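Student: Make a model of this:
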Amino acid sequence: MKGTDASLNLADYYYHILNTLSRKAKLYLVKRLTDSLLKEESAATPVLEDDKQAIFNELSGAWADDPEADMMETEIRNGRTSGKTRMITSFDE
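Tutor: Okay, here's the model as predicted:
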């Protein structure tokens, strides 16, 4: 709700500034604002479920059948020391 209040306050601020413009300048500004709204409306296209999954995979860094990722997973699993005796090296030597 605060975002809406801030937007309205900002609109009031600009209204007082823009109110001093000539009629022609105001009409030009209204046309530009209307065109930008219509452009945004036409650019909004629905996203299909298959596209959503593809976008999610792309953004999350998931790759299907990536041999490098499989190799890294194997190295991580083999490098785990669970249940093994560790040799701790002293830094005082």
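
Student: switch to C-alpha atoms for all contacts and neighbour counts from now on
Tutor: Fine.

Student: tell me the average confidence for the host helix or strand of His16?
Tutor: Per DSSP states H and E, His16 falls inside helix 2-18. Regarding helix 2-18, the rounded mean pLDDT is 79.

Student: on contacts alone, who are the packing partners of that helix?
Tutor: If contacts are counted by 3 or more C-alpha pairs under 8 Å, 6 or more residues apart in numbering; DSSP states H and E, helix 2-18 sits against no helix or strand.

Student: So which bits of the helix or strand following it are buried?
Tutor: Downstream of helix 2-18, the next assigned helix or strand under DSSP H and E is helix 23-43. Buried residues in helix 23-43, counting neighbours by 16 or more other C-alpha atoms under 10 Å, are absent.

Student: ok now the next helix-or-strand element following helix 23-43, how far from the chain's centre?
Tutor: As assigned by DSSP H and E, the chain's next helix or strand after helix 23-43 is helix 49-60. Distance of helix 49-60 from the chain centroid (C-alpha atoms, centre = their mean, to the nearest Å) equals 13 Å.

Student: Export the helix holding His16 to CSV, keeping only CA atoms.
Tutor: Output of helix 2-18 as CSV, limited to C-alpha atoms (Å, rounded to 0.1, in the frame of the first residue of the first chain):
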residue,chain,number,x,y,z
LYS,A,2,2.9,2.3,0.7
GLY,A,3,4.1,2.0,-2.9
THR,A,4,0.8,3.2,-4.2
ASP,A,5,0.8,6.2,-1.8
ALA,A,6,4.3,7.1,-2.9
SER,A,7,3.3,6.9,-6.6
LEU,A,8,0.3,9.1,-6.0
ASN,A,9,2.4,11.7,-4.1
LEU,A,10,5.0,11.6,-6.9
ALA,A,11,2.1,12.1,-9.5
ASP,A,12,0.9,15.1,-7.5
TYR,A,13,4.4,16.5,-7.4
TYR,A,14,4.8,16.2,-11.2
TYR,A,15,1.3,17.5,-11.8
HIS,A,16,2.2,20.8,-10.2
ILE,A,17,5.3,21.1,-12.3
LEU,A,18,3.6,20.0,-15.5
